[in-house]
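K.L.:
no sequence on this one, just coordinates:
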């Protein structure tokens with residue numbers, strides 16, 4: 001279905017973040033917008049993220065990282081993510097750039113560093129890559145970025161790095177867009193499933209899965225924003241917490257629907273939102289109750 005795009009559409013992300021009423025609009029009047037919107041928001045946030053990534057790649061290229069990586073001794077990463085030098089390779093190497101500055105310390109035996117060794121911005125320990133800057137360090141486990149039970153061949157790694165550094169801006173933007181979309185689409189599916197159960201149990205509202213997925217897609221705007229911010233600032237929140245933030249919007253939507261239905265009845269709510277499918281059901285197999293029934297014992301299904 002071809003969706004119309006208008007000037008009002010550019011405010012959808014802001015409304016998805018700040019407007020409770022907007023989610024009623026999404027539920028009743030924006031069929032077909034779910035993953036379409038999610039992809040657009042991913043493409044949008046990928047622009048500033050791409051600028052940051054390209055800046056980092058440029059910095060790493062200026063560090064002569066391709067040449068430096070080619071000097072790392074051949075190694076092996078076992079099933080437990082532990083790096084060890086292959087037979088005949090040195091177990092400690094201080095790799096310097098063309099200016100003579102220490103750049104990479106190959107230290108799989110976790111030797112205590114001293115002197116100029118401490119100035120190297122990258123250290124390869126027994127289990128992780130350690131990035132150091134401004135007296136801070138971040139350790140990234142090998143198992144999270146490299147396949148285990150595999151050999152590390154420095155020349156192959158250097159060639160791969162060189163191809164990454166020479167990637168076009170459009171290629172990097174496209175890859176980041178797809179990465180964001182994969183994360184958010186999966187999260188939208190999970191939130192839609194959990195949110196549907198939550199509304200049934202808490203608000204006694206039954207929303208079909210397709211509609212719930214549409215609402216979840218818009219609610220994931222907050223996750224998209226946090227993912228983008230993490231490219232620029234450190235946000236001390238585990239991803240499990242960030243991933244469930246959209247449930248707040250789902251809960252508020254259910255609360256607004258239930259409050260309105262209980263106060264004004266199904267007919268008024270249906271007319272206000274132009275919905276011919278809204279109904280009140282007591283959960284039995286009998287015909288739906290009269291629209292004026294505002295009790296809380298049954299289920300409202302928009």
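P.N.:
Great, that's in hand. All of these numbers come straight from a predicted model, not from anything done at the bench.
K.L.:
make it CA atoms for all contacts and neighbour counts henceforth
P.N.:
Fine.
K.L.:
any idea how this structure splits into domains?
P.N.:
Domain assignment of the chain by automatic domain parsing yields the ranges 9-50+170-301, 75-152.
K.L.:
For residue 62, which of those is the nearest?
P.N.:
domain 75-152 (10.2 Å; C-alpha to C-alpha).
K.L.:
for that closest one, how far is the first residue from the last?
P.N.:
From its first residue to its last, domain 75-152 covers 5 Å (C-alpha to C-alpha, to the nearest Å).
K.L.:
Which residues are in contact with the residue nearest the centre of the chain?
P.N.:
With distances taken as C-alpha atoms, centre = their mean, the residue of the chain nearest its centroid is residue 183 (4.6 Å). Neighbouring residues of residue 183 by C-alpha atoms under 8 Å, 6 or more residues apart in numbering: there are none.
K.L.:
Which of the helices or strands spans it?
P.N.:
helix 169-198 (DSSP states H and E).
K.L.:
In stretch 190-197, which residues are buried?
P.N.:
Buried residues in stretch 190-197, counted by 16 or more other C-alpha atoms under 10 Å: 190-192, 195-197.
K.L.:
and of those, the nearest to residue 229?
P.N.:
Ranked by distance to residue 229 (C-alpha to C-alpha), the buried residues of stretch 190-197 are led by residue 191 at 21.4 Å.
K.L.:
now the closest one: how far from residue 223?
P.N.:
12 Å.
K.L.:
Next, show the common contact partners of these two.
P.N.:
Joint contacts of residue 191 and residue 223 (C-alpha under 8 Å, 6+ apart) are residue 246.
K.L.:
can you redo the domains of the chain as TSV with distance to residue 63?
P.N.:
Output for the domains of the chain, formatted as TSV (distance: least, C-alpha to C-alpha, whole Å):
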stretch	distance to residue 63
domain 9-50+170-301	20
domain 75-152	7
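K.L.:
Nearest to residue 65 among the ones you listed would be which one?
P.N.:
Of these, nearest to residue 65 by C-alpha to C-alpha is domain 75-152, at 8.5 Å.
K.L.:
Can you classify residue 130 as helix, strand or coil?
P.N.:
Here residue 130 is recorded as strand under DSSP: H, G, I helix; E, B strand; the rest coil.
K.L.:
Once you drop chain neighbours, what's closest to it?
P.N.:
Of all residues not flanking residue 130 in the chain, residue 139 sits nearest, at 4.3 Å (C-alpha to C-alpha, 6 or more residues apart in numbering).
K.L.:
Neighbours of that neighbour, how many?
P.N.:
Residue 139 has 15 neighbouring residues, counting by other C-alpha atoms under 10 Å.
K.L.:
Give me the buried positions along the helix or strand harbouring it.
P.N.:
Taking DSSP H and E as the criterion, residue 139 maps to strand 136-141. Using 16+ other C-alpha under 10 Å as the test for burial, strand 136-141 gives residue 141.
K.L.:
How about stretch 154-167?
P.N.:
Buried residues in stretch 154-167, counted by 16+ other C-alpha under 10 Å: 154-155, 158, 161, 165.
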